[in-house]
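**Q** Next come a sequence and a model predicted from it.
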Amino acid sequence: MDNIIALMETLLLYTVEICTVILELFGVCVLLYTAVRCFMKWVKNDHSEVRLTLAQGIALALEFKMGGEVLRTVVVREWSELGILGAIIALRVVLTFVIHWEIKNEKQELEEAAGNLESI
């Protein structure tokens, strides 16, 4: 019975590790794709929604990274690891809120600018 539990624990550990790496890879891919896309728009002098698109991409990438960190909490064994993980998650949550606030403000500015152009 102990062998089965040890085997299941090892399987869980490897599954969580693989899924965590995959989620973090998704986050990196989203960030790189968004950054390249926004840079190309910026090079073409299409500055209309570059900041908004980049902020949305960063927010999505952070969500993937945060998902990986939450998944990692499943296999934490010590309080010190949990504290470090909690600090990382808290920092990413704060960053996500700040980015979402920035997105909201950027959308309002774009809507106001569009409204001003229509009234001219």
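**A** Yep, it's here.

**Q** How about the contacts made by the residue lying closest to residue 93 once chain neighbours are set aside?
**A** Excluding the flanking residues, the one nearest residue 93 by C-beta to C-beta, 6 or more residues apart in numbering is residue 66, at 7.0 Å. Quick note: C-beta positions are derived from backbone N, CA and C, even for glycine. Residue 66 makes contacts with 89, 92, 93, 96, as judged by C-beta atoms under 8 Å, 6 or more residues apart in numbering.

**Q** Check which helices and strands the helix or strand of the chain with the lowest mean pLDDT is in contact with.
**A** Ranking every helix and strand in the chain by mean pLDDT, DSSP states H and E puts helix 79-119 at the bottom, with a mean of 85. Applying 3 or more C-beta pairs under 8 Å, 6 or more residues apart in numbering; DSSP states H and E, one finds that helix 79-119 makes contact with helix 50-72.

**Q** can I get the CA coordinates of the helix it packs on in PDB?
**A** The C-alpha atoms that make up helix 50-72 are tabulated as PDB, following Å, rounded to 0.1, in the frame of the first residue of the first chain:
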ATOM      1  CA  VAL A  50      -0.800  49.800 -29.200                       C
ATOM      2  CA  ARG A  51      -0.800  50.500 -25.500                       C
ATOM      3  CA  LEU A  52      -4.200  48.900 -25.000                       C
ATOM      4  CA  THR A  53      -3.300  45.800 -26.900                       C
ATOM      5  CA  LEU A  54       0.000  45.400 -25.100                       C
ATOM      6  CA  ALA A  55      -1.600  45.900 -21.700                       C
ATOM      7  CA  GLN A  56      -4.300  43.200 -22.500                       C
ATOM      8  CA  GLY A  57      -1.600  40.800 -23.700                       C
ATOM      9  CA  ILE A  58       0.500  41.400 -20.500                       C
ATOM     10  CA  ALA A  59      -2.600  40.900 -18.400                       C
ATOM     11  CA  LEU A  60      -3.400  37.600 -20.100                       C
ATOM     12  CA  ALA A  61       0.200  36.400 -19.800                       C
ATOM     13  CA  LEU A  62       0.100  37.200 -16.100                       C
ATOM     14  CA  GLU A  63      -3.000  35.200 -15.700                       C
ATOM     15  CA  PHE A  64      -1.300  32.100 -17.200                       C
ATOM     16  CA  LYS A  65       1.700  32.600 -15.000                       C
ATOM     17  CA  MET A  66      -0.500  33.000 -11.900                       C
ATOM     18  CA  GLY A  67      -2.300  29.800 -12.900                       C
ATOM     19  CA  GLY A  68       1.000  28.000 -12.900                       C
ATOM     20  CA  GLU A  69       1.900  29.400  -9.400                       C
ATOM     21  CA  VAL A  70      -1.500  28.400  -8.000                       C
ATOM     22  CA  LEU A  71      -1.000  24.900  -9.400                       C
ATOM     23  CA  ARG A  72       2.400  24.700  -7.900                       C
END
